[in-house]
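# Give me the fold of what follows.
(one chain, ligands or ions: 1)
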Amino acid sequence: MTTEQTTAPSRTGVAVVADGLGQTVRGGRRVLDDISLTVAPGELVAIIGVSGAGKTTLLETLAGVRRPAAGTVAYDGSAAPGAVGFVPQDDIIHRELPLARTLHHAARLRLPSGTGSAEASRRVAEVLADLRLSERADVPVGRLSGGERKRASIAVELLTRPGVFFLDEPTSGLDPAIAVELLRVLRTLADAGTTVVLTTHQVTDVDRCDRVVVLTREGRLAYAGTPATAREFFGLRSLAEVHLRLDEESDPAGWPERFAAYRAADPADATVDPDATGPSPAGNAQDPTDDPGPTDDLGGTARRVGRWRQWLVLAARNAEIVARNRLTLAILLGSPLMVLGMFALLFRPGAFDPADPRPTVTVMILFWIAFGGFFFGLTYGLLQICTELPILRRERLAGVRLLPYLLAKVAVLLPLLALVDLALLGVLRGMDRLPPVDGGDFAALYATLLLSSAAALALGLLCSAAVSDAAQATLMLPMLCFPQVLFVGAILPVPAMAAGGRWLSYAMSNRWAFEGLGHTAGVERLWRDGGSPLGPPLLQTYGDSFSRPVWVDWLVLGGFALLFLAATWAVLVRREARGAS
Ligand SMILES: Nc1ncnc2c1ncn2[C@@H]1O[C@H](COP(=O)(O)OP(=O)(O)OP(=O)(O)O)[C@@H](O)[C@H]1O
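Below you'll find the predicted structure:
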């Protein structure tokens, strides 16, 4: 299908009106100052300026991604302006999935509730055709070229037929020919009625735009109008030299005033005049940070996808990502098998034999099982969020809620952990490294280990939400693991620890798992009544560590899991608030 066919029903005619925009970043530094401009419906507009001038900040503020610190942004148009497309610099799609699959998941998340799977697939096919990506539909996103990946990110946003579309440096890093091709796509979109605003460092991009907005180094408006008039205003033959020109002037900070004077003398170039095409006082002006959700084809506000369906779609997508990433899956399932093999090599059978027990070995077996459950849970969660922060950020703007997002992670990873924990206990029991417990006690051991893994998974998600990338997350691993080894009571029994260590041990989920396993495995009875002279003194050292009913340990471990999940949610909310300030 051609671009014209599918863009025809788009919400045409959305104007963007910024009035006196200011933006500050952390520390109160002002990075945008008093920007007023209007982007007319169906225009293609480029924002340029030196690196650090505030192009991205302006784009994000216009798009409603950031709330302005001063001034206002409003959208106005002949059709409902509910859907705003925003393509950040980072990719906003998962690399593991084939292009059509990732778009299908995006469509199920973003199209109004009630949109069926077949309809979503139809829309995906249309958008792929529009962006000339149909032949790449089955290729994993990670194997697409840079230009194709950029178009793929645009495709995600086009699914909802946005009336206004913001793109942060869409041509950066692209081969010039591919950049031209991309600009052509955007030009076609604008010609079909979608308002398009982009940031760029490429002068060739500017020449294909209707208007250009030039920012000074200090984030003020040096110029806004047609590229031809820009050349005239700056006295240049090519806008390639505009940054030099901005700095050359004896008073570089005076450009906004010079432009104001120029505009006053020639008001025909009306892009900067908020009143020229802006919303009338009685018009349907709308604050973009107050997005009412996707709109249907008739311009009415459509219902957003509910939490339950978000959870289903996100869980299905997570499962597909795990299943398609064979190496990751092999590591996830293979590393527990390796650990199991090491346990089998390390521990001789029969340590729990009541006639001839080896009490110190039983401590080690129980501790390392507990630590295994903790370690697998932690590592499963640690890379889950930090590796997809740009995707999450964009999907949050599209209405994805954090609770379904987090629970969808748990829904896919916890069953894998359940499998791994079962294998760990089952094989060790089969190889006589655990006491011959009955079915009920085996279930209790399993419940303890699984709850411990769940708490560690939630801790991993929390750390993943708090760091910025995979490298930082990996660096956190020793920090998280060391205390869970030292303060658990296996290296040194809790009653023998210094007061600070004893207090700290309460905060170690692994301690509760270790003691819960010990209770169910009957170590107290084994050490007291078994045939080893080492048992009674060891029992004395451990005091009542293993006396608690196991359900107390379950409650604590479950509490840890919920606490860490809640903290993950809070960290993500705080991150968003900070990013938006
Ligand atoms: N969240 C933030 N916290 C602190 N400083 C920020 C934040 N976002 C932007 N800045 C600062 O604001 C200024 C403008 O940044 P912005 O990314 O908008 O510039 P830009 O013109 O898009 O730069 P580039 O062309 O290099 O992408 C920079 O000095 C940047 O360091």
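# Need the phi and psi values for residue 506.
Torsion angles at residue 506 (phi, psi; degrees, to the nearest 10) stand at phi -60, psi -30.
# How many residues are close by it?
By the criterion of other CB atoms under 10 Å, residue 506 has 11 neighbours. Glycine gets a C-beta too; all of them are placed from N, C-alpha and C.
# Would you mind measuring from it to the ligand?
When distances are taken as CB to the nearest ligand atom, to the nearest Å, residue 506 and the ligand turn out to be 37 Å apart.
# on contacts alone, who are the packing partners of the lengthiest helix in the chain?
For the chain, the helix with the greatest residue count under DSSP state H is helix 550-580. Using 3 or more CB pairs under 8 Å, 6 or more residues apart in numbering; DSSP states H and E as the contact criterion, the secondary-structure elements in contact with helix 550-580 are helix 389-397, helix 402-430, helix 439-466, helix 509-521.
# Please identify the deepest-packed of the ones you listed.
Here the criterion is mean neighbour count by mean count of other CB atoms under 10 Å, and of these the winner is helix 509-521, at a mean of 27.
# Please point out which parts of whichever helix or strand comes after it sit buried.
Taking DSSP states H and E as the definition, the helix or strand that follows helix 509-521 towards the C-terminus is helix 523-529. Of all the residues in helix 523-529, those buried under the rule 16 or more other CB atoms under 10 Å are 523-524, 526-527.
# what's the closest of those to residue 400?
Checking the buried residues of helix 523-529 against residue 400 with CB to CB, the nearest one is residue 523 at 46.6 Å.
# Please list all residues in contact with the closest one.
Each residue near residue 523 by CB atoms under 8 Å, 6 or more residues apart in numbering is listed here: 359, 362-363, 366, 546.
# mind putting the buried residues of helix 523-529 in a markdown table, pLDDT and distance to residue 239 included?
Formatted as a markdown table, the entries for the buried residues of helix 523-529 read as follows, by pLDDT from 0 to 100; distance: CB to CB, whole Å:
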| residue | pLDDT | distance to residue 239 |
| --- | --- | --- |
| 523 | 94 | 77 |
| 524 | 94 | 81 |
| 526 | 94 | 82 |
| 527 | 95 | 82 |
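# Can you lay out the helices and strands packed on helix 550-580 as JSON lines showing distance to residue 223 and mean pLDDT?
Formatted as JSON lines, the entries for the helices and strands packed on helix 550-580 read as follows, by distance: least, CB to CB, whole Å; pLDDT from 0 to 100:
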{"stretch": "helix 389-397", "distance to residue 223": "29", "mean pLDDT": "90"}
{"stretch": "helix 402-430", "distance to residue 223": "41", "mean pLDDT": "95"}
{"stretch": "helix 439-466", "distance to residue 223": "41", "mean pLDDT": "97"}
{"stretch": "helix 509-521", "distance to residue 223": "59", "mean pLDDT": "97"}
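# Of all those helices, which one comes closest to the ligand?
Nearest to the ligand among the helices and strands packed on helix 550-580 is helix 389-397; the distance by CB to the nearest ligand atom comes to 12.0 Å.
# Please compute how far that closest one lies from its chain's middle.
Remark: helix 389-397 is offset 5 Å from the chain centroid, using CA atoms, centre = their mean, to the nearest Å.
# Can you list the helices and strands that it packs against?
Other elements packing on helix 389-397 under the criterion 3+ CB pairs under 8 Å, 6+ apart are helix 402-430, helix 550-580.
# ok so, going back, what is the mean pLDDT for the longest helix of the chain?
The predicted model gives helix 550-580 an average pLDDT of 93.
# Same question for stretch 233-246.
pLDDT averaged over stretch 233-246 equals 81, rounded to a whole number.
# quick one: buried residues of it?
Buried residues in stretch 233-246, defined by neighbour count with 16+ other CB under 10 Å: 233-234, 239, 242-243, 245-246.
# so does it get close to the ligand?
No. Using CB under 6 Å from any ligand atom, no contact is recorded between stretch 233-246 and the ligand, whose separation bottoms out at 10.8 Å.
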